[in-house]
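give me a model of this one.
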Amino acid sequence: MRLIHRFLFALIALAAVAAAQPALAKMVAKPIDWTLDGTAFHSYLVYDDTGTAKRPGLVMVPNWYGVTDIAIKKAEMIAGKDYVILLTDMYGASVRPKNDDEAQAAIAPLTKDRTQMRKRINYALDQLKAQASGAPIDTARLAAIGFCFGGASVLDLARSGADIKAVVAFHGVLATDDPALAKNIKARVLAMNGADDVGTMPQAPAFLDEMKSSPADWRFAVIGHAVHCFTETEATAATGNCRYDAKAAKESYAMMHAWLAETFAKS
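Sure thing, here's the model as predicted:
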């Protein structure tokens, strides 16, 4: 009988300890599909569903490889307990680049037709808002983040005059087809590029002129010694213009979190 009592006491003690432990994060990546102009898109809503507290919603556009397993993991890392992220398919569900040539071909129609790019990213923002009925999204606190080609996409979202609080572009393409669109910007804009990025830094002077002409609260951060792709862990080349930089990635994520926190605190 004493042995049974000790066993029951041990079970009760273990249950009490387990109850006292904080809930472990449970990240979900929920497929979100839509059709626009006859093209089907396949995106993911990424967030921690252990809590029900409303949190900011972010449209996230990945690099030119689009929606991949690596991009999903990146969205999970950024989302944490802080955000609900719509990892956005900009190409269409049938387009999933497997190499740089295919990625270049995937972005070509959108870089040549920025009106179409702006239409697609705005539609993605609408899809994020539509998820608020089933996910803990605070629709009063919406923003967008993007990487490389994705940076160009979210900057174009801002240029379109979208009613969002902020955009953050990591090693993004800075060029625009129409600098006059800057007058439409309502979001706070943070762009972060590597000082040694031979692809995007030549675009910086025109971007600065564009931002100066806008009504936006904006920042342009140049990260010393970084090249392109500095947040992309898969960019493992030892040389060239596309290389992961752990220090630059850490610093840029910290700037993003601070920028968004400051922005949403004003909401």
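
which helix or which strand is home to the most centrally placed residue in the chain?
The structure's the chain has its C-alpha centroid closest to M60; by C-alpha atoms, centre = their mean the separation is 2.8 Å. Under the assignment given by DSSP states H and E, the secondary-structure element containing M60 is strand 55-61.

strands paired with that strand, and their directions?
For strand 55-61, the pairing partners within the sheet under DSSP bridges are strand 84-87 (parallel), strand 137-147 (parallel).

which of those strands is buried the deepest?
strand 84-87 (a mean of 26; mean count of other C-beta atoms under 10 Å). Where C-beta positions appear, they are placed from N, C-alpha and C, glycine not excepted.

which secondary structure elements does the next helix or strand after that one contact?
Next in sequence after strand 84-87, counting helices and strands by DSSP H and E, comes helix 100-112. In terms of contacts (3 or more C-beta pairs under 8 Å, 6 or more residues apart in numbering; DSSP states H and E), helix 100-112 is packed against helix 114-130, helix 149-159.

number of nearby residues for N241?
Using other C-beta atoms under 10 Å, N241 has 15 other residues around it.

dump the residue contacts of it.
If you count contacts by C-beta atoms under 8 Å, 6 or more residues apart in numbering, N241 has them with D196, D197, V198, G199, V227, H228, C229.

any idea how far the first one lies from H171?
This means D196. Going from D196 to H171 by C-beta to C-beta, to the nearest Å gives 11 Å.

which neighbours do those two share?
Taking C-beta under 8 Å, 6+ apart as the criterion, D196 and H171 both touch A226.

who has more neighbours out of the two?
Counted by other C-beta under 10 Å, D196 and H171 do not tie: H171 has more neighbours, with 32 against 17.

give me the residues contacting the helix or strand hosting M255.
Secondary-structure element containing M255, defined by DSSP H and E: helix 246-265. For helix 246-265, the external contacting residues (C-beta under 8 Å, 6+ apart) are 56, 78, 82-83, 141, 143, 145, 165-166, 168, 170, 188, 190, 192, 194, 219, 221, 223, 225-226, 230-231, 233.
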